[in-house]
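this is a predicted model, with the sequence first.
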Amino acid sequence: MTSAENNRHWEECMEFAVQTARRAGQVIREAVKLDKCVTTKSSAVDLVTETDQQVEELIISTLRDRYPSHRFIGEESSAAGERCFLTDSPTWIIDPIDGTCNFVHSFPMVAVSIGFAVKKELEFGVIYHCFEETLYTARKGHGAFCNGLRLQVSKEKDVSKALILTEIGAKRDPETLKIFLGNMEKLLKAHAHGIRVIGSATLALCQVATGAADAYYQFGLHCWDIAAAAVIIREAGGVVMDTSGGPLDLMSRRVIAAGTPEMADYIVQQLHSISYERDDHDTDCISTSC
Ligand SMILES: O=P(O)(O)O[C@H]1[C@H](O)[C@@H](O)[C@H](O)[C@H](O)[C@@H]1O
Ligand SMILES: [Mg+2]
Ligand SMILES: [Mg+2]
């Protein structure tokens, strides 16, 4: 296909992703009122429900019917053992319920996140806030939007004038908690206006894109938490990078996002790292042969 044909095709894919995310959000809104069967994954606080699995199946089957040649990375498919790696093929990167702990507690900060990559480059992102029915979208080179209104990140460079968001991740061992709380302490001692933990990495990252938050950082999230939000933040004029200050590594389980590079660079200097196994940890052989 020509680049113009590709451009039109990815636009059509994003429009279909929006319809699919809205359908998934409707299922989640209905399920949140019902009794939930809750189990755990990597730790006692890494929760999953039947709804996570059903919604992921709905999303992937709907997309696969329409785009049978595409590849799929899903949070719950990965938890069930499917390998998590990008190839040059068009690939959907899906978090069916971001904020599962919130969903279990009926705390209304829950999103469906659908990212899309081609030739290992993020092309578009769709994040749908299921309870507010707020839709965040962005396509590379075409801007970022919230319910159709264009988004612009904060221009704040000074951490002492910043509202910063983060998430805890799934590990709760003493060493992890010491580093997590130490990182927050460093930023609070730098007189950040506040630090917020809302229980959904994707919705927190969307607040960086809207300019309501000046920065976000986390160790322990996944590629499906980052993919869609990275496009939305970049298209809103923000930066998304590795916690080392280098380029974003989608599979690394860590991220810093900010409205300005100055804010991001300051946070890089403050953070002590928490290590998590990469999302693509068991695919070294495949990734070199694909
Ligand atoms: O599992 P879901 O999809 O709910 O994603 C959340 C992670 O579980 C948390 O560890 C992580 O800290 C973030 O809250 C992230 O949104
Ligand atoms: Mg999830
Ligand atoms: Mg998630």
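All right, it came through fine. Residues are numbered from 1 along each chain as shown. Ligands and ions are numbered 1, 2, ... in the order given.

can I get the helix or strand in which Ala229 is found in PDB, CA atoms only?
Using DSSP states H and E, Ala229 falls within helix 223-235. Provided in PDB are the C-alpha atoms of helix 223-235 (Å, rounded to 0.1, in the frame of the first residue of the first chain):
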ATOM      1  CA  CYS A 223       3.400  -2.400  27.500                       C
ATOM      2  CA  TRP A 224      -0.500  -2.400  27.500                       C
ATOM      3  CA  ASP A 225      -0.600   0.400  30.100                       C
ATOM      4  CA  ILE A 226       1.900   2.500  28.100                       C
ATOM      5  CA  ALA A 227       1.200   1.900  24.400                       C
ATOM      6  CA  ALA A 228      -2.000   4.000  23.800                       C
ATOM      7  CA  ALA A 229      -1.100   6.600  26.300                       C
ATOM      8  CA  ALA A 230       2.300   7.200  24.800                       C
ATOM      9  CA  VAL A 231       0.800   8.300  21.500                       C
ATOM     10  CA  ILE A 232      -1.800  10.500  23.200                       C
ATOM     11  CA  ILE A 233       0.800  12.300  25.300                       C
ATOM     12  CA  ARG A 234       3.300  12.700  22.400                       C
ATOM     13  CA  GLU A 235       0.500  14.100  20.100                       C
END
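
what average pLDDT does whatever helix or strand comes next after it get?
Counting by DSSP H and E, the element after helix 223-235 in chain order, helix or strand, is strand 239-241. Averaging pLDDT along strand 239-241 yields 98.

against which helices or strands is strand 239-241 packed?
If contacts are counted by 3 or more CB pairs under 8 Å, 6 or more residues apart in numbering; DSSP states H and E, strand 239-241 sits against helix 223-235, strand 254-258, helix 261-270. Yep, even glycine has a C-beta here, placed from its N, CA and C like the rest.

ok and the longest one relative to strand 254-258, angle-wise?
Counting by axes from the mean of the first three to the mean of the last three CA atoms, to 10 degrees, helix 223-235 points 20 degrees away from the direction of strand 254-258.

would helix 223-235 count as contacting ligand 2?
No. Applying CB under 5 Å from the ion, one finds helix 223-235 separated from ligand 2 by no less than 6.9 Å.

for this protein, which residue gets nearest to ligand 3?
Closest contact between the chain and ligand 3, by CB to the ion, is at Asp98 (3.7 Å).

which residues touch that residue?
Neighbouring residues of Asp98 by CB atoms under 8 Å, 6 or more residues apart in numbering: 110-113, 127, 200-203, 224-225.

can you name the residues bridging to it?
For Asp98, the beta-bridge partners under DSSP bridges are Ala111.

residue numbers of this structure in contact with ligand 3?
Near ligand 3, when you scan the chain using CB under 5 Å from the ion, you find 95, 98, 225.

next, format the residues you listed as TSV and append pLDDT.
As requested, the residues of the chain next to ligand 3 are exported to TSV (pLDDT from 0 to 100):
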residue	pLDDT
Asp95	99
Asp98	98
Asp225	98
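
with distance to His191 as extra columns, can I get those residues in a markdown table?
Formatted as a markdown table, those follow (distance: CB to CB, whole Å):
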| residue | distance to His191 |
| --- | --- |
| Asp95 | 33 |
| Asp98 | 30 |
| Asp225 | 28 |
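
and these as CSV, adding distance to ligand 1?
As requested, the residues of the chain next to ligand 3 are exported to CSV (distance: CB to the nearest ligand atom, whole Å):
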residue, distance to ligand 1
Asp95, 5
Asp98, 4
Asp225, 5
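
ok, so of the residues you listed, who is nearest Thr210?
Asp98 (16.6 Å; CB to CB).

ok, then the element right after the helix ranked longest in the chain?
Longest among the helix segments of the chain by residue count, using DSSP state H, is helix 3-31. Later in the chain than helix 3-31, the nearest helix or strand by DSSP H and E is strand 38-40.

same for that following strand, what does it pack against?
Packed next to strand 38-40, using 3+ CB pairs under 8 Å, 6+ apart, are strand 47-49.

other residues contacting the strand it packs on?
So strand 47-49 is in contact with 31, 36-41, 76, 79, 97, 100-101, 103-104, going by CB under 8 Å, 6+ apart.

mean confidence for that strand?
Mean predicted lDDT for strand 47-49 stands at 98.

does that strand reach ligand 1?
No. Contact of strand 47-49 with ligand 1 is not found when judged by CB under 6 Å from any ligand atom; the minimum separation is 7.2 Å.

could you pull out the buried residues of that strand?
Buried residues in strand 47-49, counted by 16 or more other CB atoms under 10 Å: 47-49.
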